[in-house]
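Q: fold the following, please.
(2 chains)
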Amino acid sequence: MNDTENGTPRQTPEFEIVIDGRPVTVREGETVLAGARRLGLDIPTLCYLPKCGPLTSCLVCLVKVRAGGGGGGRLVPSCGLEVQPGMVIESETDEVRTARRTALELLFSDHVGDCLAPCHRLCPLHLNIPVMLRQVETQAWDAATSTVLRALPMPAILGRLCHHPCENGCRRGTHDQPTAIRDVERLVADRDLASSSPFLPPRKPATGKSVAIIGAGPTGLAAAFFLLREGHGVTIFDRHDKPGGSLRIEVAGGALDSATLDAEMNRLRALGAQFSLGVELGRDETLEGLLPRFDAVLVAWGQKDKARDSLGLTTTPTGIRADPLTAATSRSKVFAAGAAIRPIKHLVRAMSEGRSAALAVHRTLVGLKAGGEQRLFSSVMGRLSAPELGLFLIGHNPAPRISPGQGVLRGFTVLEGRGEAGRCLHCDCRAEGNCQLQHYGELYGVEPGRFRSQRRPFEQHLERGEIVFEPGKCILCGICVRITELAREPLGLTFIGRGFDVRVAAPLDRAIADGLQKVARECVEACPTGALAFKHDVRPPEP
Amino acid sequence: MKPPVSTIHSAPLAGPDSAANPPGSVDLAFVDAAVERLGRTPAALIPILQAVQGHYGYLPARALERIGEITAITPAAITGVSTFYDMFRHAPVGRHLVRVCHGTACHVTGSERVEDALRRQLRIPDGDDTDPDRQFTIEPVACLGCCTLAPVVRIGGSTFGHTTAEKVPQLLRDFLESQRALGGSARSTEDLKARPGRAIEIHVGLGSCCMAKGSDRLFHALVDHAERCGGSVVVKRVGCVGMCHRTPLVEVAEANGRSTFYAGVQPGNAAALLERHLRPRAWLARVSRFWENAIDQVLVDRTEPDQVRSCALDLREGSVSAFLGKQVHIATEHFGKLDPLDLDEYLAHDGFIALRRCLAGLDARARPTPLDAPAPHTDADSAPGAQPPGNALSPERPPLSPEEIIDAIVASGLRGRGGAGFPSGRKWQVARQQPGAVKYVVGNGDEGDPGAFMDRMILESFPYRVIEGLAIAAVAIGAHEGAFYIRHEYPLAVRRVRAAILELERRGWLGDALCGSPYPLRITIKEGAGAFVCGEETALIQSVEGRRGMPSLRPPFPAQSGLWGKPTLINNVETLAMVPWIIRHGPEAFAAIGTDTSKGTKVFALAGRVRRGGLIEIPMGTTVREIVEDIGGGVEAGRRFKAVQIGGPSGGCVPARLADTPVDYESLQRVGAIMGSGGLVVLDDSTCMVDIARYFLQFTQDQSCGKCTFCRIGTKRMLEILDRLCGGRGHKQDLDELESLAVQISRGSLCGLGKTAPNPVLTTLRYYRDEYEAHIQGRCPAGKCLPLIKYHITADCTGCTLCAQHCPVDAIPIAPYERHVINLDLCTRCDSCRRVCPHHAVEVT
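A: The predicted structure is shown next:
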């Protein structure tokens, strides 16, 4: 920022301020936010966009001014706070972070919308179902496979055996019948396995650590899948000659064909899993023998094994005692999960326990604080009224639920699968994964429901130019209002009303699209939440 | 009983939905004319909208579009602004607007019950605001500033004080009656000119409160009768007398120096009042009057002269001297004596001496000529004694340079009277130090606190003094343009200040040559449009610039970068009213009054559950107890003084046990309250503290601009908790949640409104936590929270049926000579039965 005066450039004065005890050089006229970002501090902002100037509406960028600039320990939004010589700022303290979290929690308390669709939240393995369905509908098969295998360890098996709790939450189900999610997922998995080179999810660089997993049943296999992806080595021990554990019972019963089971086992092998079969712990191998050779041992055997041997670990009437969060047993480096702890009814639940245990083991291996998996973060609307559901039904595919024409055993054809995927109502947020509010909410450990009370009705306006406006998700940051002002939109957007009932709309009772004749894309991209979106913009898959 | 339809409104009004107006059905010629008159820039937006609403009664959609077409104002601004301010309506209203005041004093005296009764009486359906015949539209307002008359209802231009649910039918009848009598228009009190120098002067207080009690009708009645009496009597309008609890107040000053005060005189007694002081010249008239009186005495119990006599006040009487005794009048100097708009009288009372000293201190070129030189004052009515005193520039009071003015303000210790108490001198210094030729001064008369009316009274009663203060501030910082921002709910204040500015301009003392000096100063009036937050400096600036009144982050402070980005000095009008006195008497005299850190006096609006409410000016440091008990006469007999609420929605409660707290900035802050703008509402044991906290939070939540997260959503969440508590649905953990939320909101909010909004909750939680806990257990100890109380009739009932007759919802079956029973399913807890029961047989539990 050079000021030219009489043709000679004049340097803007620079000086130092202190943020969280660290000095940083700033230029006169800069904001504290700019200084903090130079220090690499991730001060959250929602309403800040450089071209709009400080709008100071969201107040999640608060910092504490200890000295300078009025000082006095005030909390001030850093996006609008100009640096002053001698300033001492606190940013990452408990007090400041509590204030920011409160601001975020207040915003969530008035945020009408689901980040994640109910099916996604209900899936114990957190499969992003709506994204998968949209990928199937548009025949983006590789992307769909990648979406599925990011979440599911053995999708072809789950596609046949899962009891699909996701479908219970499907909003389509309150209208007619839920989308046949499991069958679509199976189609994706089967297409992939039928290809010349089935998809392998990326593995992180090898860590050099190795884990012994006792039991090649659903929990152990799932744990192996996630540990392998984190870059660890995995050896799976099982007293049977073939891997699969209880899955073998399903094969015997005819619900699962052994070819599919073998194909999924091959995928695990291809990921790097070692199988040590026909080896029984207590008979062929002991815990004492394993511990020096492995960095961790995860006991994931079934209920049948529980009575035989406790391996010297503390037990409960139902199995080995393990911390529900960290999977730690009474012995260090030994973990337990799944049916080794208590009976588990559902396959997908057994696998999700394997996943949780894997992540807990992973944290220990890489020296992170012991802890479990983070809960899936999402704003939650809960039950929808009939008119609210009606908004999701606008333009929906009216076809009833499709059953596989070649019989349940054969699954969907591509045509059927695409048709069924098209029945999805897209009730997840269009900004999911690309939303500042969701991002910082998760980062700050926000409880979205902390201050929630009677929620406002959900609204969704589908407008010209594919614009989707969801006022309930608007946090009134003012960015779009300002952008239309700067662009001299003929109509533009404005705040309407005052106080708690302020909303953003086009003036003179016109439609949002009328106010966004020039800058619709810019506003959609700048919107920090999913309040403004384009109807068919599918979020780019995460790297 | 319907009044004749006046010609303006004879066109049939459209339905409630403005969309029902087909485009073009609205005659837009008025819009074009208004724009022509008021300008096409964004700053003209609010005045244009006000004019349009004044004409059509609301803002027709077509008119708004038209404004966008013919001005440089964007549609976004038009919609944004017209939906931000309370006063603007987008749908047609009934013929008469019924404004129910929900100020603090009105709230604690039962405004909600009055509104319920009005809705019932007018048959306004739930969820609507207008009756099916579209005669009346009910509109709750934050505060009409007539707190001593609480609860107050204003219908059209008529204000009704001390209303109750039972009086509502009569009140509506009275209103319609007066409409018929006056043809819908009240007589003005602004264009009258007093003619002093007669044998008898009758002073009638014409502040808004007095007028609400009929002082304007009394004034006109006295004028009419005085004319008939010949020339020996002059009826003079004066400003607020302060003793609002005795209004309408009349002072009869006789030539021999004797003065008699009358309180509560009715217009019908005007003749009798005059007769009491005048001996009719004609013996015939005397004889005829004697006979009239004699006949009256036979026919009615009390005659008019009797009624008048009973109104006479003895100034030596304890209550009057107690009320006035502790007061020191600086901002309200010469209260009750000055005609608010008589410039010559103001001059005769040292008016504009201070300003002239300041102008004289500008450089030699700018030295003022004698006051009356530039525009010879030829008003034949002006009294000889009204010339400015010649010794205004006496040797011991030399001219003051701008720096010396500011030094004097600094030395006086004057702090902002608007609430925060920022040292005024410092603010002036900052504004003066700013480079640039263009600066502004603004008098902040946006007194939005419910329960406060000091600024209104000062503007109504002392417009010249406030203008002088603003002019001195302008000279001190080097500004040539000034404005008063006055809330539109104070129409009389707007009219008086406007009239005063016009009078000064007419004499050539404002405009190109301030008081005859070469110093140009223009002063305009900006009317607010109904938004409490606009009292906040940065929001006020937004509003003056024609935008939504949303505060911005300070710094930069307005004194550095304010109106149109120029340095702008914003002072509360009470602060400005102190300035001339400080300059005249010297800063030492001012600093000698008050405490170490709080100098001078403070004007308070004393109202609520107190016997002698009114407007008082007291030295800083006076204790709460002195105010409530000595000046206010304590609470009503049989009641217990519980607390005072100071500082309105930003302030807090001072409990009775801390009544010895001196009223100064720091002491009040220590106990959790703030000085605020000066609303002081007395609460007694019939006041529920949880309800009071909820009341204030409801107010700030309504008035939040909606910009920042903490205030917009946080206050709403707090209010929900308080609603739960008052509704008997509270949980144990609610109190902790409430407290932690309150702390976060006061820490995190962007502007003063949000930062102080939790104060009423925090102080009541601090001093009355037991009451909160009682609510969680389902009890309201004060018997105020309707869902938690029940009415029943005790064995003392004699079966007189009065309660049953007055019950508006027939919840009490008539049972002569038997104990009555209340059907609690029907009962609305309107309190009518308890009020009318002569045997105190109605109990609240």
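Q: in CSV, list the C-alpha atoms belonging to stretch B:225-233.
A: Taking C-alpha atoms only, stretch B:225-233 is exported to CSV below (Å, rounded to 0.1, in the frame of the first residue of the first chain):
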residue,chain,number,x,y,z
HIS,B,225,-62.8,33.7,28.6
ALA,B,226,-60.0,36.2,29.0
GLU,B,227,-60.9,37.9,25.8
ARG,B,228,-64.5,38.2,27.0
CYS,B,229,-63.2,39.8,30.2
GLY,B,230,-61.4,42.5,28.4
GLY,B,231,-57.8,43.3,28.3
SER,B,232,-56.8,42.9,31.9
VAL,B,233,-55.8,39.2,31.7
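Q: average model confidence for that stretch?
A: Mean pLDDT, computed over stretch B:225-233, is 76.
Q: burial of whatever residue of the stretch 351-500 of chain B ends up closest to chain A, as a residue count?
A: Taking CB to the nearest CB, chain A has its nearest neighbour within the stretch 351-500 of chain B at B:Phe422, 12.4 Å off. (Each C-beta comes from the backbone N, C-alpha and C, glycine too.) For B:Phe422, the neighbour count with other CB atoms under 10 Å in any protein chain shown is 16.
Q: and the spatially closest residue to B:Glu771 that is not a sequence neighbour, how far is that from B:Ala659?
A: Nearest residue to B:Glu771 in three dimensions, chain neighbours excluded: B:Met689, at 5.0 Å (CB to CB, 6 or more residues apart in numbering or on different chains). Going from B:Met689 to B:Ala659 by CB to CB, to the nearest Å gives 16 Å.
Q: show me where the stretch 301-450 of chain A has its helices.
A: Per DSSP state H, counting those that start in this stretch, the stretch 301-450 of chain A carries helices over the ranges A:347-365, A:386-393, A:414-421, A:436-443.
Q: not counting its neighbours along the chain, what's nearest the residue of the stretch 351-500 of chain B closest to chain A?
A: B:Gly416 (4.8 Å).
Q: how many neighbouring residues does the one you found have?
A: Count around B:Gly416 with other CB under 10 Å applied: 21.
Q: so for B:Met689 and B:Ala659, which residue has more residues nearby?
A: B:Met689 (27 against 17).
Q: centroid residue for the chain?
A: In the absence of a named chain, chain A is used. A:Leu376 (6.0 Å; CA atoms, centre = their mean).
Q: hm, I was asking about chain B
A: B:Gly145 (2.7 Å).
Q: where's that residue, which helix or strand?
A: Assigned by DSSP states H and E, B:Gly145 belongs to no helix or strand.
Q: likewise A:Val76?
A: Assigned by DSSP H and E, A:Val76 falls in strand A:74-77.
Q: pLDDT score for the nearest residue to the residue nearest to the centre of chain B once chain neighbours are set aside?
A: Of all residues not flanking B:Gly145 in the chain, B:Phe453 sits nearest, at 3.7 Å (CB to CB, 6+ apart). Note on B:Phe453: pLDDT of 87.
Q: and what of B:Thr148?
A: For B:Thr148, the model assigns a pLDDT of 80.
Q: assign a three-state SS to it, would you?
A: helix (DSSP: H, G, I helix; E, B strand; the rest coil).
Q: count of neighbours near it?
A: 28.
Q: equivalent analysis for B:His334, please.
A: 18.
Q: next up, the contacts around the nearest residue to it once chain neighbours are set aside.
A: Closest residue in space to B:His334, ignoring its immediate chain neighbours: B:His349 at 5.3 Å, by CB to CB, 6+ apart. Contact analysis of B:His349 by CB atoms under 8 Å, 6 or more residues apart in numbering or on different chains lists B:333-334, B:337-338.
Q: please tell me how far B:His349 sits from chain A.
A: 42 Å (CB to the nearest CB, to the nearest Å).
Q: the residue of the stretch 201-350 of chain A found nearest chain B - nearest residue in space that isn't next to it in sequence?
A: Nearest residue of the stretch 201-350 of chain A to chain B (CB to the nearest CB) works out as A:Leu325 at 25.2 Å. Once flanking residues are discounted, A:Leu325 sits nearest to A:Gly372: 3.8 Å by CB to CB, 6+ apart.
Q: and the closest residue to chain A within the stretch 451-600 of chain B, what's its pLDDT?
A: Proximity of the stretch 451-600 of chain B to chain A (CB to the nearest CB) peaks at B:Leu553, 4.3 Å away. In this model, B:Leu553 is scored at 90, pLDDT.
Q: which SS state does it fall under?
A: Criterion first, three-state DSSP; result for B:Leu553: coil.
Q: excluding chain neighbours, what is closest to it?
A: Nearest one to B:Leu553, counting by CB to CB, 6+ apart, is A:Gly80 at 4.3 Å.
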